[in-house]
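J.: Okay, predicted coordinates and the sequence, questions at the end:
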Amino acid sequence: MNVSRRCLLGLVLAAGIAVFLAGCGNHDAGNATPAQDTTSPEAVASRFFHWYASERNLGRDPITSGALDANADVTADFRQTLKSAAANSQPGVDPMLCSMPIPHAFETAKAEVSGSSASVTVGAESHAMAWRAELTRQDGVWRIHAVTCAVN
């Protein structure tokens with residue numbers, strides 16, 4: 001009986017130590033949300049295009065659902081421009097992406113920066129469209145204020 005109690009006590013102690021060490025560890029650092037880079041026009045454009053396409057691929061309309069209003073990567077004027085474009089767009093054609101198919105992988109070129117303005121070309125793998133994102137820096141933060149569609 002004495003050996004059983006010692007084994008049980010050892011198991012309880014080992015379990016307690018394991019729980020303690022698990023609490024002290026880095027909780028899945030690979031899935032940690034990185035700090036949003038608003039100091040790079042390329043990072044802002046890339047993040048916005050990936051977010052927008054993700055919303056579309058999930059069956060949500062980021063323009064009319066109100067999600068765009070909560071997106072800090074765009075200016076208020078750009079939000080309004082997209083809302084107007086959505087109201088006047090052809091059925092089935094995305095007013096921001098200017099196409100029916102929604103791309104999955106975007107490539108962002110190096111930004112052309114001039115003072116508080118920047119332009120970034122965004123392309124998509126296996127997609128006929130490319131986009132030119134125009135950004136403005138407000139209070140040290142880059143935000144998209146216009147997107148132009150072009151055929152690759």
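T.: Now that the structure is in, tell me what you want to look at. Numbering: from 1, shown residues only.
J.: which residues of the protein fall in strands?
T.: 106-108, 112-114, 117-124, 129-138, 141-151 (DSSP state E).
J.: The third one packs against which elements?
T.: Think strand 117-124. helix 41-57, strand 106-108, strand 112-114, strand 129-138 (3 or more Cβ pairs under 8 Å, 6 or more residues apart in numbering; DSSP states H and E). Any C-beta I mention is one placed from the backbone N, CA and C, and that applies to glycine too.
J.: Tell me which residues are up against the longest one.
T.: In other words, helix 41-57. Contacts with helix 41-57, where a contact means Cβ atoms under 8 Å, 6 or more residues apart in numbering, come from 36-38, 61-62, 65, 67, 71, 73-74, 94, 96-97, 102-104, 106, 108-111, 113, 118, 120, 122, 131, 133, 135, 142-144.
J.: filter these to the buried ones?
T.: Among the contacts of helix 41-57, those classed as buried by 16 or more other Cβ atoms under 10 Å are 38, 62, 71, 73-74, 94, 96-97, 103, 106, 108, 111, 113, 118, 120, 122, 131, 133, 135, 142-144.
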